[in-house]
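*Asks:* Sequence plus the predicted model coming up.
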Amino acid sequence: MAERVSVDNLGIWVMQPNGTTGLPWVEVTSVAVYASLLPPDGQRIVWMDATHVSGEFVEINNMTEGFDEAVAAVISRSGRGPLDLSRLQPSDPPVEIYRPEL
């Protein structure tokens, strides 16, 4: 199943063949990135988790089209400097890249 992620001024969106889901910025409490290893061969995957005000979250990984651009757009929205995703290790804790201003 083909997936694509995009980020715009309204929120974070995941487009799939059966429709689009997403989180409007007003409903996002935080966004973090982290790395993990998939069994059985230890393939390294980078994830972006966007948490909704309800506590639910959307997980998107770097195999999703548009992932790097989406992460960069979230970081840009937060006003933080760039993050080298290739340096994330599975042993590292999640790195918060966005939290709305209160």
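*Replies:* Yes, it's here.
*Asks:* Distance of the residue nearest the centre of the chain relative to Pro40?
*Replies:* Computing the C-alpha centroid of the chain and ranking residues by C-alpha atoms, centre = their mean puts Met48 first, at 2.6 Å. Using C-beta to C-beta, to the nearest Å, Met48 is found at 24 Å from Pro40. (Each C-beta comes from the backbone N, C-alpha and C, glycine too.)
*Asks:* ok now do the closest residue to Leu83 other than its chain neighbours, which residues does it touch?
*Replies:* Using C-beta to C-beta, 6 or more residues apart in numbering and skipping the chain neighbours, the partner closest in space to Leu83 is Ile75 (5.9 Å). By C-beta atoms under 8 Å, 6 or more residues apart in numbering, Ile75 lies in contact with 81-83, 97-98.
*Asks:* Now the strand or helix carrying Ile75: buried residues?
*Replies:* Per DSSP states H and E, Ile75 falls inside helix 67-78. By 16 or more other C-beta atoms under 10 Å, the buried positions in helix 67-78 come out as 67, 70-71, 73-75, 77.
*Asks:* and if you look at stretch 16-23?
*Replies:* Applying 16+ other C-beta under 10 Å to stretch 16-23 flags 22-23 as buried.
*Asks:* and Ile12, that's in a strand?
*Replies:* Yes: looking at Ile12 with DSSP: H, G, I helix; E, B strand; the rest coil, it is inside a strand.
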